[in-house]
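Q: Need coordinates for the below:
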Amino acid sequence: MRATLLALLFASPALADTAAVVTDHARPGYAAFDAATSYLADLDSCAPDDLRPAFHAAYDAWMAVEHLHLGPAEEDGRSLAILFWPDPKGMGKKAQAALLAADPASLTTENMAQQSVAARGLSGLERLLYPAEPLTGDPCPLIQVTINDLARQAEVLASAWGPYGEELLTAGTDGNDRFLKPEEATQALFTQLATGLEFVADRRIGRPLGTFDKPRPDLAEGHASGRALANITLSLKALRGLAANLSPESQKTLAAFDHAISLAEAMQDPNLDGIADPQGWLKLEILQQAVHATRDAAISELGPALGVELGFNSQDGD
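A: The predicted structure follows:
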């Protein structure tokens, strides 16, 4: 009898530590982003040199939770309004040009919320603080309203993760219409992990990597502000945090994360401009392979351990 019970115990999926994800990963991450954007909004300046350090702090904070494409982040397109990237058609630049030419009195936080997500958020602010060419007119009103709009989105997210976190924590209980079983909450979080790794490999690395004959560092996320490698590294660290909270005993997956992160930290090529050199390109390709291997490890180890498979994610099909 005892042997049978032990066999059943070890054959059963491990319990996902949803509480740790909510209380130690998501909620603190969104609170930190809220604090960082609030500080940015409180700065009484439009001078890029004054705003850039706080801009980077807010961007860093967003990287800690950017991979959580579920719940409040997906409602009303908030995640896109905070970071619209990639933008291959340059929609953000075009929309901002129109806003720069508009009556400054029309640039209110309420009006900004109705504008294209491509013109808002961190990407929009990056173009204003690190312009590729001189901005027309007085950019100060648009800088201020972009910051205020960003701070408002961050405040909404931090607040909304209170009740949304409770829905994850109470999955399968009476009255929870979003997650009818605990496994549904586990699957949702597991899917964020796998999809986040895919995004890092295929977008954050893949777009600038291009091909051996034609690398495109200019297509890297945050290239104008020199954040290309930082965003890759911070994303990997954030996703590792999600994995460690979700399934702390998944040693193969965590080891794969550590390997990928060590490769990223060793590159010392902040804007990935070094990939124009063949050795630099190969280093980035090796990092991409390591991220793919980390995703494979997570799917093969965490999925069976938690008893779930990948579910639908809002980024599928992008």
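Q: Now do stretch 83-91: distance from first to last residue.
A: 13 Å (C-alpha to C-alpha, to the nearest Å).
Q: Contacts for it, please.
A: 62, 66, 92-93, 116-124, 203, 207, 219, 221 (C-beta atoms under 8 Å, 6 or more residues apart in numbering). Using the backbone N, CA and C atoms, a C-beta is placed for each residue, glycine as well.
Q: at 6 Å what do you get?
A: Here stretch 83-91 makes contact (C-beta atoms under 6 Å, 6 or more residues apart in numbering) with 117, 118, 121, 122, 123, 221.
Q: Tell me the buried residues in it?
A: By neighbour count with 16 or more other C-beta atoms under 10 Å, stretch 83-91 contains the buried residues 83, 84, 85, 87.
Q: How about stretch 152-162?
A: Quick answer for stretch 152-162 (16+ other C-beta under 10 Å): 152, 153, 154, 155, 156, 157, 158, 160, 161.
Q: Save those as a markdown table, and put in secondary structure and pLDDT too.
A: Below are the buried residues of stretch 152-162 laid out as a markdown table (DSSP: H, G, I helix; E, B strand; the rest coil; pLDDT from 0 to 100):
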| residue | secondary structure | pLDDT |
| --- | --- | --- |
| 152 | helix | 97 |
| 153 | helix | 97 |
| 154 | helix | 98 |
| 155 | helix | 98 |
| 156 | helix | 97 |
| 157 | helix | 98 |
| 158 | helix | 98 |
| 160 | helix | 98 |
| 161 | helix | 97 |
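Q: What ranges does this protein have for its strands?
A: Read by DSSP state E, the chain holds no strands at all.
Q: excluding its backbone neighbours, what's nearest the most centrally placed residue in the chain?
A: The residue lying closest to the centre of the chain (C-alpha atoms, centre = their mean) is residue 66, at 2.1 Å. Excluding the flanking residues, the one nearest residue 66 by C-beta to C-beta, 6 or more residues apart in numbering is residue 83, at 6.4 Å.
Q: So which of the contacts of stretch 83-91 are in helices?
A: 121, 122, 123 (DSSP state H).
Q: correct me, but the second one touches residue 57?
A: No: counting by C-beta atoms under 6 Å, no contact exists between residue 122 and residue 57, whose distance comes to 11.4 Å.
Q: When those two are compared, which one has more neighbours?
A: For residue 122 versus residue 57, the count of surrounding residues by other C-beta atoms under 10 Å is larger for residue 122: 25 against 17.
Q: ok, the more buried one - contacts?
A: 59, 83.
Q: Could I get the pLDDT score of it?
A: At residue 122, the pLDDT value in this model is 98.
Q: Tell me how far it lies from residue 286.
A: Distance, residue 122 to residue 286, using C-beta to C-beta, to the nearest Å: 28 Å.
Q: Ok, residue 257 next?
A: On the measure of C-beta to C-beta, residue 257 and residue 286 end up 15 Å apart.
Q: Next: residue 273.
A: In terms of C-beta to C-beta, residue 273 sits 18 Å off from residue 286.
Q: okay, the two: which has more neighbours?
A: The residue with more neighbours, out of residue 273 and residue 286, is residue 273; 17 against 12, by other C-beta under 10 Å.
Q: pretty sure the more buried one contacts residue 218?
A: No: using C-beta under 6 Å, residue 273 makes no contact with residue 218, being 8.9 Å away.
Q: Tell me where the stretch 151-300 of the chain has helices.
A: Listed in chain order, the helices of the stretch 151-300 of the chain (DSSP state H, counting those that start in this stretch) span 182-199, 206-209, 228-246, 251-267, 278-306.
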